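**Q** Sequence and predicted structure, then a few things I'm wondering about:
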Amino acid sequence: WDDGFPIHSPAGRFPPNPFGLHDLQGNVWEWCLDGFGDSTLPCAPFTGLRSAAPPGTRCIRGGSYDAPARFSRSAFRGREAPHMAYNDLGLRPARKLSEDSP
């Protein structure tokens, strides 16, 4: 979180990780589709969602510029109500790749 920016850094400002992905941890928390619940529940086939999670909250991951450094990892799960909005909470758009994508 100590990157020299007063708030979040511009997207893509730092080099990608070994998988070619940018900004996965420490910039802004990212909403996840999973509800926040028991992480030992089995995942649904194909989607990976834990369908038995309670409906009141959603997972957030990745930490943010104003969170302690120990939260800046993908394994840390936080939670928020889906209607909440903060300046350190964002999302990561994703799309399904076609079968012939590299």
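**A** Great, that's in hand.
**Q** Relative to residue 88, how far out is residue 82?
**A** For residue 82, the distance to residue 88 equals 17 Å [C-beta to C-beta, to the nearest Å]. (Each C-beta comes from the backbone N, C-alpha and C, glycine too.)
**Q** Who has more neighbours out of the two?
**A** residue 88 (15 against 10; other C-beta atoms under 10 Å).
**Q** Excluding chain neighbours, what is closest to that one?
**A** Distances taken as C-beta to C-beta, 6 or more residues apart in numbering place residue 64 nearest to residue 88, at 3.7 Å, with adjacent residues excluded.
**Q** Now do the SS call for residue 78.
**A** strand (DSSP: H, G, I helix; E, B strand; the rest coil).
**Q** repeat for the one 4 residues further on
**A** Assigned with three-state DSSP, residue 82 falls in the coil class.
**Q** just checking, it touches residue 57?
**A** Yes. Checked against C-beta atoms under 8 Å, the pair residue 82 and residue 57 is within contact range at 7.5 Å.
**Q** Show me the common contact partners of those two, please.
**A** Common neighbours of residue 82 and residue 57 (criterion: C-beta atoms under 8 Å, 6 or more residues apart in numbering): none identified.
**Q** List the buried residues of the lowest-mean-pLDDT helix or strand in the chain.
**A** In the chain, no helix or strand scores lower on mean pLDDT, DSSP states H and E than strand 29-35, which sits at a mean of 82. Going by neighbour count (16 or more other C-beta atoms under 10 Å), the buried part of strand 29-35 is 29, 30, 31, 32, 34, 35.
**Q** helices or strands next to it in the packing?
**A** Strand 29-35 sits against strand 58-61, strand 77-80, strand 89-90, with contacts defined as 3 or more C-beta pairs under 8 Å, 6 or more residues apart in numbering; DSSP states H and E.
**Q** Sheet partners, orientation included, of the first one?
**A** This points to strand 58-61. Note on strand 58-61: by DSSP bridges, its sheet partners are strand 29-35 (antiparallel), strand 77-80 (antiparallel).
**Q** Could you dump those into JSON lines with distance to residue 11 added?
**A** Output for the strands paired with strand 58-61, formatted as JSON lines (distance: least, C-beta to C-beta, whole Å):
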{"stretch": "strand 29-35", "distance to residue 11": "12"}
{"stretch": "strand 77-80", "distance to residue 11": "21"}
